[in-house]
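Asks: Sequence first, predicted coordinates after that:
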Amino acid sequence: MKHVLCPGSFDPITFGHLDIIERASTLFDRVTIAVLVNKTKKSLFTVEERMEMISEVTRQYPNVTVDSWSGLLVDYCKANGVDAIVKGLRAVTDFDYELQMSQINLQLQGIETLFMSTAPAHSFLSSSLVKEIASHGGDVSSYIPAPLLGRLSKRLAE
């Protein structure tokens, strides 16, 4: 049984994230989406809210679960029987950073990182961009799942 991890902040989860998660769910027996607990980063949604939103929009994938982590990702992987990390790549800039991370993760704990190229329709998409557009009243309905639109609008209005 192959268990992979899709880590990220998911603030909020986008169709780009979901593309990677859906594709990973067809390739591996078990996929855990791990939401980063980062006290130094100011997030729009709490970790619990992000986990709830992710669970809501991934219900149709029976082999996908949601969790959170803080600390070293490879330590989470070892403690939870994760075989590999799956990361989506949008551009060369993603690759530069993710390559370094994958090499250190392999050296620290022997955890492999698998890269999936993002579908072209989502290659420009990021949670930060979605929040920026929405904060100026822009339509983000083609970037995040419909159930999250109201939550995003409400949070930005607060």
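Replies: Received, thanks.
Asks: Leaving out chain neighbours, which residue sits closest to residue 1?
Replies: The shortest distance from residue 1 to any residue other than its chain neighbours is 4.4 Å, reached at residue 29 (CB to CB, 6 or more residues apart in numbering). Yep, even glycine has a C-beta here, placed from its N, CA and C like the rest.
Asks: Against residue 67, how distant is the one you found?
Replies: Note on residue 29: its distance to residue 67, by CB to CB, to the nearest Å, is 16 Å.
Asks: now stretch 12-31: mean pLDDT?
Replies: Mean pLDDT, stretch 12-31: 97.
Asks: Just give me how far it sits from the chain centre.
Replies: 8 Å (CA atoms, centre = their mean, to the nearest Å).
Asks: in the helix or strand of the chain with the lowest mean pLDDT, what's buried?
Replies: One helix or strand of the chain scores below all others by mean pLDDT, DSSP states H and E: helix 92-109, with a mean of 88. Neighbour counts using 16 or more other CB atoms under 10 Å place 94, 98, 102, 105 of helix 92-109 among the buried residues.
Asks: For the closest residue to the second one other than its chain neighbours, which residues are in contact?
Replies: Of all residues beyond its chain neighbours, the one nearest residue 98 is residue 87 (5.3 Å), with distances taken as CB to CB, 6+ apart. With contact set as CB atoms under 8 Å, 6 or more residues apart in numbering, residue 87 has these partners: 6-7, 20, 94, 98, 102, 113-116.
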